[in-house]
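S.K.: prediction below, plus the sequence it came from.
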Amino acid sequence: MDINVLGPLAASVDGVSITPTAAKPRKVLATLAVYADETVPVTMLLEELWGEDVPRSATTTLQTYVFHLRNLIGFVRDDPKDVLQTQPGGYLLSTGAGAVDALEFERLAAAGHRAREAGDFHGAAEKFREALGRWTGPALVDVQQGDVLEVEAQRLNEARLSVLDRRIDADLRLGRHHELVGELTALVARNRTHEGLCGHLMVALYRSGRRGEAADVYRRTRASLVNELGLEPSPALHRLQRLVLAADQNLAAADDADWLLNVG
């Protein structure tokens, strides 16, 4: 089974889609998919479907949704119970030798982190770029998310943003500041309180000979932090602003993007 959760939900067996259209069976499939090859407790599925207001008939209704999913799988496989397995206390979606985009993302991201730690920023940027290429939109963007899926989608989206931040850091270290300005400008506009992205944009603008614009980015980010979160910028970001205003020569080096923000 192939599973995609990094964007719209999609599941296929032997190349044939088994993704349901009804909202609650999609919730069940999505919950099983984000925990692919792991047993998902019935209690977790009930929480996703009904939150705190679980009806008396909930377990029977859940069994109906599982039966529906197995019927879809049964159009492709003779024994759908091998794919959607009943386990003690729950259900397990078996991927076999199939591809799971979330697992591929994590594998490639881990390879990027290893390359980065070894000082191979070309390799790190490439692996991070490959990892991000597994995404086609926000996680489970077309699924009505309950309590369980909302947490999982947020976790995946935060992981994506973290890898994106590391990929940009690697690109800055490789001297690609001119190429990054446009991308970072759009990212900062969508993530106005993300200090890491703000700092990267300040560095990219400074190295592109646009010191005044770099200083303006700090002022706009500070306003967003104060107005939206009631917070002042971190000492690291404030320090970066001082370096920009002072035209510090350290900012011109292509391999110091990370330590400027003290993000390790």
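M.R.: Done, it's in.

S.K.: pull out the buried positions in stretch 235-246.
M.R.: By neighbour count on 16 or more other Cβ atoms under 10 Å, the buried set for stretch 235-246 is 237, 239-241, 243-244. Where you see a C-beta, it was placed from the backbone N, CA and C, and this is true even at glycine.

S.K.: among those residues, which are in helices?
M.R.: Among these, DSSP state H puts 237, 239-241, 243-244 in helices.

S.K.: tell me the SS of the nearest residue to L180 once chain neighbours are set aside?
M.R.: Distances taken as Cβ to Cβ, 6 or more residues apart in numbering put A204 closest to L180, at 4.6 Å, once the chain neighbours are dropped. The three-state assignment at A204 reads helix, by DSSP: H, G, I helix; E, B strand; the rest coil.

S.K.: thought A204 was touching R173?
M.R.: No - using Cβ atoms under 8 Å, A204 is not in contact with R173, being 11.7 Å away.

S.K.: what does stretch 237-251 rub up against?
M.R.: Stretch 237-251 is contacted from outside by 195, 198-199, 202-203, 206-207, 211, 214-215, 218, 221, 232-233, 256, 260-261, using Cβ atoms under 8 Å, 6 or more residues apart in numbering.

S.K.: could you pick out the buried ones from those residues?
M.R.: Listed as buried from the contacts of stretch 237-251 are 195, 198-199, 202-203, 206-207, 211, 214, 218, 221, 233, 260-261; burial here means 16+ other Cβ under 10 Å.

S.K.: want to throw those into CSV with pLDDT?
M.R.: As requested, those are exported to CSV (pLDDT from 0 to 100):
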residue, pLDDT
E195, 94
C198, 95
G199, 94
M202, 95
V203, 94
Y206, 95
R207, 94
R211, 94
A214, 96
Y218, 96
T221, 97
P233, 95
L260, 53
L261, 50
